[in-house]
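Enquirer: what follows is a predicted protein model with its sequence.
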Amino acid sequence: MAVSAKTTFDIDAPPSLVMEVLQDVESLPEWSGPHKSAEVVEEYDDGLPKTVKVDVTVGPISDVQTLAYQWTDNSCTWDLVEGDKLASQHGVYTITDNGKGGSHVEFVLDVDLKVKLPGLLVKQGQKTAVETAKKGLTKEVLARAAD
């Protein structure tokens, strides 16, 4: 069952700091509750994560996934390479200047499950992903801005 989630929000911090948090994928378990671990397996020549192994639990689904990352100056994109419970996953954070000294964030997540689940559980998973993207990322960025 393919599902999509999307949210947009602003963070009172510059886009460069938001991108810094996203590039620090090994910190995911600190600000993203569903992520139990995150390990960079392979890096690009510039040191940015290329392949990442994550252990994720959302509701009744736990999965170990290998993700392929791509980066631009204002975006973070990942796609599922391997996972037990998902057939596919495509996620994108796009960060732009909001014109007020902060960042505008757009988060999109498309997931296709290998296993059939009741619609309510799928909706809860979508809600968790969107809330984590918004609240978790915002909290982590603002904590780093305060340091």
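Expert: Thanks, I have the structure now.

Enquirer: hey, let's count contacts and neighbours off CA atoms from now on
Expert: OK.

Enquirer: and residue 142, that one's in a helix?
Expert: Yes. Counting by DSSP: H, G, I helix; E, B strand; the rest coil, one finds residue 142 located in a helix.

Enquirer: for the closest residue to it other than its chain neighbours, what are its contacts?
Expert: Of all residues not flanking residue 142 in the chain, residue 13 sits nearest, at 6.9 Å (CA to CA, 6 or more residues apart in numbering). Listed by CA atoms under 8 Å, 6 or more residues apart in numbering, the contact partners of residue 13 are 101-103, 141-142, 145.

Enquirer: what subset of these is buried?
Expert: By neighbour count, with 16 or more other CA atoms under 10 Å, these hold 102-103, 141 as buried.

Enquirer: any chance of TSV for these, columns distance to residue 67 and pLDDT?
Expert: What follows is these, written out as TSV (distance: CA to CA, whole Å; pLDDT from 0 to 100):
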residue	distance to residue 67	pLDDT
102	29	96
103	25	97
141	23	97
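
Enquirer: for those, which one is nearest residue 6?
Expert: residue 103 (16.7 Å; CA to CA).

Enquirer: kindly provide the distance from the closest one to residue 60.
Expert: 33 Å (CA to CA, to the nearest Å).

Enquirer: check residue 81 too.
Expert: Distance from residue 81 to residue 60, by CA to CA: 22 Å.

Enquirer: quickly list what residue 76 is bridged to.
Expert: Beta-bridge pairing of residue 76 under DSSP bridges involves residue 71, residue 93.
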